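Engineer: starting from these lines, generate the structure:
(one chain, ligands or ions: 1)
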Amino acid sequence: MKKTILTGVKSTGIPHVGNYFGSFKPSIEGAKAANMRSFLFIADYHALTTVKCAAEMKENVNEIACTWLACGLDLKKTAFYRQSDVPQIFELAIILSNVTPKGLMNRSHAYKAVVQDAVDAGKDPDVDVNMGLFCYPILMSADILAFDTNFVPVGQDQKQHVEIAQAIARSFNAIYGSVLVVPEPKITKDQATIPGLDGRKMSKSYGNQIPMFAPEGELKKYIMKIVTDSSLPTDPKSTDCVIFDLYKLFATDDEVHVMKSKFENGIGWGEVKNELFRVANRTLTPLREKYNYFKSNPEIVEQLLQDGAKKARKVAQKTLDRIRKSIMG
Ligand code: TRP
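Structural biologist: The predicted model follows:
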């Protein structure tokens, strides 16, 4: 029996180069390499805790779907779907809530952070807590357990959520026998190693990002904005800098080698930036073209998501049949 790998993504706004190298690219390559049954979904009902506007919801889902498709997600190997298209997940969430101690939810970092913010502001602790937020880990457990998932690749910040899914699966199994597969988190490296324009980690919150799908002219402008020192073109340069780090992500090994010796012998920053633009544009152009294609063909995106949802529902229904039998006889 093939093992199952599953992960969910929330929309992160406009995707940037840091997201590409830190998340999209490794996930897609990982899924290609692994001989596993693979599921990747857009966690749109998780976004409901904060997004209360239909147009924004739709736009976010479309943005994230187009991005994954542009990055070359292999749809033959991976079922790619929108969580809200798989009702079995929500049925399972209700079932799981009955074996979940409230105390387990009280300890969830995400919930505690919202409570802490309110307390710090001198407000009622629960003022910003809706039950969607409080029960977020139960829904996430249902996402995972509905597919008999073995491995869940997530960032460090989501580790506790996967551990909650383990705890819930175990408490269900303690009552009903070995019905649910207990999943394991697979912690992915964080994006700290991918620098933004100012040398800090590339992040929307620092405003130092290079958008993944910026048109050529804009991409060039971003690269020209990278902060450099005032050394002369003839001065040798240290490779310990943002430009070189970014260059390494986009260039081939041979190109990196050549660039390194140019740094040692002296090269002007303008020339380095032009060369970085050339390799970045070479990588990003095919992605941008695919992204634009999907953006202008929403009905194709919708069809692909529907195909994925169909596959996902079939698998989840089988799990649900087994679960219902164990509870209802
Ligand atoms: N909570 C995750 C995040 O914010 C997204 C998510 C929802 C998820 N359901 C999941 C991740 C199931 C892994 C498995 O990033």
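
Engineer: residues near the nearest residue to Gly196 once chain neighbours are set aside, how many?
Structural biologist: What sits nearest to Gly196 in space, not counting adjacent residues and going by Cβ to Cβ, 6 or more residues apart in numbering, is Asn208, at 3.0 Å. In this view, the C-beta of every residue, glycine as well, is placed from N, C-alpha and C. For Asn208, the count of nearby residues is 22 (other Cβ atoms under 10 Å).

Engineer: ok, Asn208 - contacts?
Structural biologist: Contacts for Asn208 (Cβ atoms under 8 Å, 6 or more residues apart in numbering) come out as Gly196, Leu197, Asp198, Arg200, Met202.

Engineer: any idea which helix or strand carries Ile168?
Structural biologist: Per DSSP states H and E: Ile168 is located in helix 159-176.

Engineer: residues of the helix or strand hosting Asp143 that come out buried?
Structural biologist: Using DSSP H and E, Asp143 falls within helix 136-145. For helix 136-145, a neighbour-count test (16 or more other Cβ atoms under 10 Å) marks Tyr136, Pro137, Ile138, Leu139, Met140, Ser141, Ala142, Asp143, Ile144, Leu145 as buried.

Engineer: could you work out the most separated pair of these?
Structural biologist: Spatial extent of these (Cβ to Cβ) is set by the pair Tyr136 and Leu145 at 14.9 Å.

Engineer: circling back to that earlier point, which residues touch the helix holding Asp143?
Structural biologist: Identification of contacts with helix 136-145 by Cβ under 8 Å, 6+ apart yields 6, 8, 41, 43, 45-46, 49, 83, 89-90, 92-93, 96-97, 100, 104-105, 108, 110-111, 132, 152, 161-162, 164-165, 168-169, 180-181, 183, 319.

Engineer: now do stretch 262-269
Structural biologist: Contacting residues not belonging to stretch 262-269 are listed as 228, 231-239, 243-244, 272 [Cβ under 8 Å, 6+ apart].

Engineer: got a PyMOL select line for the buried ones in these?
Structural biologist: Command for PyMOL that selects the buried part of these, burial taken from 16+ other Cβ under 10 Å:
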select buried, resi 237+243+244+272
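
Engineer: columns secondary structure, distance to Lys290 and pLDDT on top of the contacts of stretch 262-269, output as CSV?
Structural biologist: Formatted as CSV, these follow (DSSP: H, G, I helix; E, B strand; the rest coil; distance: Cβ to Cβ, whole Å; pLDDT from 0 to 100):
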residue, secondary structure, distance to Lys290, pLDDT
Thr228, coil, 32, 90
Ser231, coil, 39, 90
Leu232, coil, 41, 91
Pro233, coil, 37, 93
Thr234, coil, 42, 92
Asp235, coil, 41, 93
Pro236, coil, 40, 93
Lys237, coil, 35, 94
Ser238, coil, 36, 93
Thr239, coil, 32, 94
Ile243, helix, 27, 95
Phe244, helix, 28, 95
Val272, helix, 28, 96
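
Engineer: now the contacts of stretch 262-269 in JSON lines, with distance to Asp128?
Structural biologist: Below are the contacts of stretch 262-269 laid out as JSON lines (distance: Cβ to Cβ, whole Å):
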{"residue": "Thr228", "distance to Asp128": "43"}
{"residue": "Ser231", "distance to Asp128": "50"}
{"residue": "Leu232", "distance to Asp128": "54"}
{"residue": "Pro233", "distance to Asp128": "54"}
{"residue": "Thr234", "distance to Asp128": "58"}
{"residue": "Asp235", "distance to Asp128": "53"}
{"residue": "Pro236", "distance to Asp128": "54"}
{"residue": "Lys237", "distance to Asp128": "49"}
{"residue": "Ser238", "distance to Asp128": "46"}
{"residue": "Thr239", "distance to Asp128": "46"}
{"residue": "Ile243", "distance to Asp128": "42"}
{"residue": "Phe244", "distance to Asp128": "43"}
{"residue": "Val272", "distance to Asp128": "47"}
